[in-house]
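>>> sequence first, predicted coordinates after that:
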Amino acid sequence: MGAENPTHVSVLSKEAIEVLQPRPGQVAVDCTLGGGGHARLLLEAIQPGGRLLAIDRDPSAVERARTLLSGFDPPPVLVAADFADLEPIAAEHAPGGVQAVLFDLGLSSIQLDDPRRGFSFRQDGPLDMRMDGRSPLTAERIVNEMDVRRLADTIKELGEERWAARIAQFIVQRRPLRTTRQLADAVSAAIPRAAWPREIHPATRTFQAIRMRVNDELGSLERGLKAANQILTPGGRMAAISFHSLEDRLVKSYFTAESKDCLCPPQQPVCTCAHRASLRILTRKPVSASPEEVRQNPRARSARLRAAEKL
């Protein structure tokens, strides 16, 4: 069997498999193939006779996985696509429904470590940030073409950055910006030195916001969760590993709404929404990485796992 890519360590792997409970002969979906670690664990759990559908927006991740996940019978079906399109993809490759769906959100270490992708300020590279290089929208276009108000709103809403307005002004003043270092320098200059965060680089939240806007990450997640709910068979399970509060909030909100029979306002005397619960929440509180995992992989510190079962 292929091994996980050595430069990427999957987070909360044991906990994800425990809560999904994949079994031999089942059909499982890894919506975020990445370095292949979770996919391999799912494949091992559903043998013999199980089938895995693995998706990633990054075509290079899919190509790497062809070798990493070789040796399984039947072999996994690998698709380069946005998991927002999970429903038609599953209709083609798993028309009978699936029993386990996993989302591992955010970036892989492989993407972060490649300066050509433009995701990180730690090495200089082009302002790209596309998970799928076929997409027309790049970070460079957002940084250089978006008006100052929309840019500030993007940084504030998706980066939860209190200095968003000032950062947007500094970016606009320094246009054109072509590289990750130029963007990081503009952000660092905009935030007063005394207000720099202690734990992270001052440009972290701005880079996060622009990356999420380039890839419409929250929109994709919302559509992906709905699609996963549609393709799960009764008793099937879905889990999502998120790395920041916006993602975790969206997952929690969706699971909460789908676990209720009525979504009408509390003050409304009679239900008119006709909504019926479709999920049972399995994680009342999000599962976090153990201190040991955080020591071995600091990226796990912010990870949160939530799961639900199809009714």
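Noted; the coordinates are in hand. Small disclaimer: the values here were computed from a predicted structure and weren't measured.
>>> neighbours of residue 51, how many?
Residue 51 has 20 neighbours, counted by other CB atoms under 10 Å. Just so you know, the C-beta spots here come from the backbone N, C-alpha and C atoms, and that holds for glycine as well.
>>> can you pull the phi/psi pair for it?
Dihedral pair for residue 51: phi -130, psi 140, per degrees, to the nearest 10.
>>> OK, contacts around it?
When contacts are counted by CB atoms under 8 Å, 6 or more residues apart in numbering, residue 51 is found next to 27, 28, 74, 76, 77, 94.
>>> do the same with residue 101
The contact partners of residue 101, by CB under 8 Å, 6+ apart, come to 28, 29, 31, 86, 228, 231, 232, 236, 237, 238, 239.
>>> who wins for neighbours among these?
residue 29 (31 neighbours).
>>> rewinding a little: in PyMOL, select just the buried ones from the contacts of residue 51.
The following PyMOL line selects those of the contacts of residue 51 that are buried, judged by 16 or more other CB atoms under 10 Å:
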select buried, resi 27+28+76+77+94
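>>> the contacts of residue 51 into TSV, with extra columns for pLDDT and secondary structure?
Output for those, formatted as TSV (pLDDT from 0 to 100; DSSP: H, G, I helix; E, B strand; the rest coil):
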residue	pLDDT	secondary structure
27	98	strand
28	98	strand
74	91	coil
76	96	coil
77	97	strand
94	96	coil
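>>> and which of the contacts of residue 51 is nearest residue 155?
residue 28 (36.9 Å; CB to CB).
>>> quick check: pLDDT value at the residue lying closest to the closest one once chain neighbours are set aside.
Sequence neighbours aside, residue 100 is the residue nearest to residue 28 in space, at 4.1 Å (criterion: CB to CB, 6 or more residues apart in numbering). Per-residue confidence at residue 100 stands at 98 (pLDDT).
>>> got it, and residue 7?
On pLDDT, residue 7 comes in at 47.
>>> spatially central residue in this structure, please.
residue 105 (1.9 Å; CA atoms, centre = their mean).
>>> contacting residues for that residue?
32, 217, 221, 240, 241, 242, 243, 247.
>>> adding neighbour count and pLDDT, write those residues out as CSV.
As requested, the contacts of residue 105 are exported to CSV (neighbours: other CB atoms under 10 Å; pLDDT from 0 to 100):
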residue, neighbour count, pLDDT
32, 26, 95
217, 22, 96
221, 23, 98
240, 30, 98
241, 29, 97
242, 23, 97
243, 19, 93
247, 21, 97
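>>> return the member of these nearest to residue 264.
Nearest to residue 264 out of the contacts of residue 105 is residue 221 (CB to CB; 25.3 Å).
>>> pairing partners for the helix or strand the residue nearest to residue 28 falls within, with directions?
In the assignment (DSSP states H and E), residue 100 maps to strand 98-104. Take DSSP bridges as the rule and strand 98-104 pairs in its sheet with strand 27-30 (parallel), strand 232-242 (parallel).
>>> rewinding a little: mind checking how far the residue nearest to the centre of the chain is from residue 151?
24 Å (CB to CB, to the nearest Å).
>>> swap in residue 305?
33 Å.
>>> now stretch 49-66: buried residues?
For stretch 49-66, burial by neighbour count (16+ other CB under 10 Å) applies to 50-58, 61-62, 64-65.
>>> next step: those residues restricted to helices.
Counting by DSSP state H, these place 61, 62, 64, 65 in helices.
>>> and the two most separated of those?
62 and 64 (7.4 Å).
>>> now the contacts of residue 105 as TSV including distance to residue 11?
Putting the contacts of residue 105 into TSV (distance: CB to CB, whole Å) gives the following:
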residue	distance to residue 11
32	11
217	17
221	17
240	12
241	6
242	10
243	8
247	13
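>>> in which helix or strand would I find the residue of the chain most remote from its centre?
Centroid-distance maximum for the chain: residue 269 at 38.5 Å, with CA atoms, centre = their mean. Using DSSP H and E, residue 269 sits in no helix or strand.
>>> that one and residue 71: what is the separation?
Distance, residue 269 to residue 71, using CB to CB: 60 Å.
>>> and the helices in the stretch 201-311 of the chain, which stretches?
With helices called from DSSP state H, counting those that start in this stretch, the stretch 201-311 of the chain shows them at 204-215, 217-231, 245-258, 291-296.
>>> tell me which residues touch residue 9, please.
Contacts for residue 9 (CB under 8 Å, 6+ apart) come out as 35, 37, 109, 296, 297, 299.
>>> now the second one: closest residue in space, sequence neighbours ignored.
Counting by CB to CB, 6+ apart, residue 37 lies nearest to residue 10, which is 3.1 Å off, once chain neighbours are set aside.
>>> number of nearby residues for the one you found?
For residue 10, the neighbour count with other CB under 10 Å is 24.
>>> now the angle from the strand holding residue 100 to helix 245-258?
Per axes from the mean of the first three to the mean of the last three CA atoms, to 10 degrees, the angle that strand 98-104 makes with helix 245-258 is 150 degrees.
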